[in-house]
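>>> structural data only, the sequence is not supplied:
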């Protein structure tokens, strides 16, 4: 029981065996934010997939992002029953438009004081949170 | 107007209690509601030849529900797209009836979300699912409320929408709830504080759950259930009450890609389709039953259904326009009290149909005078990321 509650009190981590996202998470060990481009139709693909949703001759290749972008929208979470996130309150959840043309869901980490500086359109960059087997792509205001 | 009156809602029932406290299972609530809806229609179990089920009471529900109800359906449909599943079921039941595949469709819903203490809105999305989307998003701790709050924030940013405008949705919904004894009892049973009509200030002074959404802009989590019976014209003619015709429908999904405008819901697709099919325009609608998981859900959907222009919803809803007395043009909104103040056990879509039918029969506790046309619009999943939309337009003879 104690182990279980300790596990719940940490950030929920992705599972490395998930087939579509396996490479994405492997690359986070090198602090690379990966996305896909189809070499046939040039579609930018995110979340990762094995097939191209833009054409039927899809050849997806992996690219490394600059990790910079801007906040498309966000919310400040004031209530959560999750044992880990409860301890983070208030925290920022945001959709971030990455410069290379894809949108990710993440957190913008900042102090309680700088919460007021988080705005739609704010420029952000990656800030990796290190874990044993992978890193989590969080963002901070530039 | 060339309306097809080829399938009608002939029986409805909303489970009256919102807190069953371990006394009933979801399956039992479904059956209890089915019994009452069939009685309402003047039909029997043996008349049912179509089962529509979202599977909320267990896996392989197409099988289990048939046996539990002891019916022998020739159409078995287990579409689950979240809270709008019942609008999808209605659209599909109508098509099945029009195709001659069945005569009496039964839709049921049962949930003990409150008693089971699901923290639907603030639980943060799970961490253990092994699908690619969950696996790449759940580290963020996005709660359901914050997902919708991101839609609200962007709507405010793009269109200058004020918090007061979103609060108006909560105020009018509570206004209707206070006239509905079941809704008042629901709020008592779920231990709402200070149960009364609210003002915009009340909403804006309630505590923030996920900026900019506040407590009184978030739906309740109740137990509950309901049932709807849809029949062919031949059956409908002999039912106890007048048929409420399904005149048009639309079904759609929407999901995030780069450049997705999250202030636009899948109603931009379902609305025109449903209104075109019904041969009417939004201005003709008397009653709008719009899925009110949150205030912003209603504001965006009203715009996308075409009641007003995109981005103008804030000004449009002001001044009590959506009250049942119809002080100006525009439909009455969520006259049962909505998910905000009457009933939200997780998938509210069935109640949108039920209250629409009550209105068109003249049975609502906030009755719109001579109501002839209603729209029910369900939203499933999460508005700010991936969601489903189902629109059903109903009318009287």
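Arrived safely. Remember, it's a predicted structure, so these values are computed and weren't measured experimentally.

>>> tally of neighbours for residue A:127?
By other CB atoms under 10 Å in any protein chain shown, the residues close to residue A:127 number 17. C-beta: built from backbone N, CA, C; applies to glycine.

>>> which one is residue B:20 nearest to, not counting chain neighbours?
Residue nearest to residue B:20 in three dimensions, not counting chain neighbours: residue B:223, with 4.7 Å by CB to CB, 6 or more residues apart in numbering or on different chains.

>>> got the contact list for that neighbour?
Residues in contact with residue B:223 (CB atoms under 8 Å, 6 or more residues apart in numbering or on different chains) are B:17, B:18, B:19, B:20, B:21, B:29, B:111, B:112, B:113, B:114, B:115, B:345.

>>> now, which of these lie within helices?
Mapping those onto helices (DSSP state H) picks out residue B:29.

>>> any chance of the contacts of residue B:223 in a markdown table, plus neighbour count and pLDDT?
Formatted as a markdown table, those follow (neighbours: other CB atoms under 10 Å in any protein chain shown; pLDDT from 0 to 100):
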| residue | neighbour count | pLDDT |
| --- | --- | --- |
| B:17 | 17 | 96 |
| B:18 | 25 | 96 |
| B:19 | 17 | 95 |
| B:20 | 23 | 93 |
| B:21 | 11 | 81 |
| B:29 | 25 | 97 |
| B:111 | 26 | 96 |
| B:112 | 25 | 95 |
| B:113 | 21 | 93 |
| B:114 | 23 | 93 |
| B:115 | 17 | 91 |
| B:345 | 32 | 96 |
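
>>> which of the contacts of residue B:223 lies closest to residue A:47?
The nearest member of the contacts of residue B:223 to residue A:47, counting by CB to CB, is residue B:113 at 28.7 Å.

>>> contact partners for the closest one?
Shown in contact with residue B:113 (CB under 8 Å, 6+ apart): B:120, B:221, B:222, B:223, B:345, B:346.

>>> for residue B:25, give me its contacts.
By CB under 8 Å, 6+ apart, residue B:25 lies in contact with B:57, B:110, B:112.

>>> next, give phi and psi for it.
phi -90, psi 160 (degrees, to the nearest 10).

>>> low pLDDT regions in chain B?
B:1-2, B:118-129, B:327 (pLDDT under 70).

>>> which of the contacts of residue B:25 lies closest to residue B:308?
For the contacts of residue B:25, the nearest to residue B:308 is residue B:110 (35.9 Å; CB to CB).

>>> ok, back up a step: tell me the two of the contacts of residue B:113 that are most distant?
Farthest-apart pair in those is B:120 and B:223; separation 12.6 Å (CB to CB).

>>> so how far is residue A:138 from the residue nearest the centre of chain B?
Centroid-nearest residue in chain B, with CA atoms, centre = their mean: residue B:349, separated by 2.9 Å. Plainly put, residue B:349 is 36 Å away from residue A:138 if you go by CB to CB, to the nearest Å.

>>> can you check residue A:132 too?
Distance of residue A:132 to residue A:138, computed by CB to CB: 17 Å.

>>> of those two, which one has the most company?
Looking at residue A:132 and residue A:138 with other CB under 10 Å, you find the greater number of neighbours at residue A:138, namely 18 against 6.

>>> tell me the bridge partners for the more buried one.
residue A:127 (DSSP bridges).

>>> do you know how far it is from residue A:120?
18 Å.

>>> and the helices in the stretch 201-350 of chain B?
For the stretch 201-350 of chain B, the helices defined by DSSP state H, counting those that start in this stretch occupy B:233-236, B:267-278, B:295-305, B:313-316, B:338-341, B:349-361.

>>> point out the most buried one among these.
helix B:338-341 (a mean of 30; mean count of other CB atoms under 10 Å in any protein chain shown).

>>> what does that helix rub up against?
B:169-170, B:173-174, B:176-177, B:183, B:186-187, B:216-220, B:291-293, B:295, B:334, B:348, B:351.

>>> now the buried members of those.
Among those, those scoring as buried are B:169-170, B:173-174, B:176-177, B:183, B:186-187, B:216-220, B:291-293, B:295, B:334, B:348, B:351 (criterion: 16 or more other CB atoms under 10 Å in any protein chain shown).

>>> among these, which ones are in strands?
Assigned to strands by DSSP state E, none of these qualify.

>>> for chain A, tell me which of these show up nearby.
For chain A, no contacts are drawn from the buried ones among the contacts of helix B:338-341 by CB under 8 Å from any CB of the partner chain.

>>> do a quick rundown of the strands in the stretch 101-250 of chain B.
Counting by DSSP state E, counting those that start in this stretch, the segments of the stretch 101-250 of chain B that form strands are B:104-111, B:208-210, B:213-214, B:224-231, B:244-254.

>>> cool, and chain A?
Remark: strands assigned in chain A by DSSP E are A:34-38, A:44-45, A:60-64, A:68-77, A:91-98, A:102-108, A:123-130, A:135-141.

>>> nearest to residue B:284, of those?
Here strand A:68-77 is closest among these (CB to CB), at 34.1 Å.

>>> for chain B, what's its nearest residue on chain A.
residue A:12 (2.6 Å; CB to the nearest CB).

>>> hang on, isn't that residue packed against residue B:137?
No. Using CB atoms under 8 Å, residue A:12 makes no contact with residue B:137, being 10.2 Å away.

>>> got the contact list for residue B:378?
Residues counted as contacts of residue B:378 (CB under 8 Å, 6+ apart) are B:83-88, B:291, B:348-349, B:352, B:388-391.

>>> wait, which of the residues you listed is closest to residue A:98?
Residue A:98 has its nearest neighbour among the contacts of residue B:378 in residue B:388, at 26.7 Å by CB to CB.

>>> show me what the strand or helix carrying the closest one is packed against.
For residue B:388, the element it lies in under DSSP states H and E is strand B:387-395. Where contact means 3 or more CB pairs under 8 Å, 6 or more residues apart in numbering or on different chains; DSSP states H and E, strand B:387-395 is packed against helix B:85-98, strand B:244-254, helix B:267-278, helix B:349-361, strand B:373-381.

>>> list only buried entries from the contacts of residue B:378.
With burial judged by 16+ other CB under 10 Å, the buried subset of the contacts of residue B:378 is B:83-88, B:291, B:348-349, B:352, B:388-391.

>>> what ranges in chain A fall below the confidence cut-off?
A:1-8.

>>> find the nearest non-adjacent residue to residue B:164, please.
Distances taken as CB to CB, 6+ apart place residue B:200 nearest to residue B:164, at 5.2 Å, with adjacent residues excluded.

>>> any idea how far that neighbour lies from chain A?
20 Å (CB to the nearest CB, to the nearest Å).

>>> which ones are touching that residue?
B:164, B:167, B:168, B:171.

>>> for residue B:95, same thing?
Here residue B:95 is in contact with no residue (CB under 8 Å, 6+ apart).

>>> taking the stretch 251-397 of chain B, what residue is nearest to chain A?
Counting by CB to the nearest CB, the stretch 251-397 of chain B gets nearest to chain A through residue B:258 (5.2 Å).

>>> sorry, back to before: just put the contacts of residue B:113 in a markdown table and tack on distance to residue B:101.
Shown next, in a markdown table, are those (distance: CB to CB, whole Å):
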| residue | distance to residue B:101 |
| --- | --- |
| B:120 | 35 |
| B:221 | 36 |
| B:222 | 34 |
| B:223 | 33 |
| B:345 | 30 |
| B:346 | 29 |
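
>>> contacts for stretch A:113-124?
Against stretch A:113-124 from outside (CB under 8 Å, 6+ apart): A:68-74, A:76, A:90, A:92, A:94, A:96, A:108, A:110, A:139-142, B:153-154, B:157.

>>> next one: that stretch to chain centre, how far?
Distance of stretch A:113-124 from its chain centroid, counting by CA atoms, centre = their mean, to the nearest Å, is 17 Å.

>>> give the closest residue to residue B:65 in space, chain neighbours not counted.
Leaving out its chain neighbours, residue B:65 is closest to residue B:53 (CB to CB, 6+ apart), at 5.0 Å.
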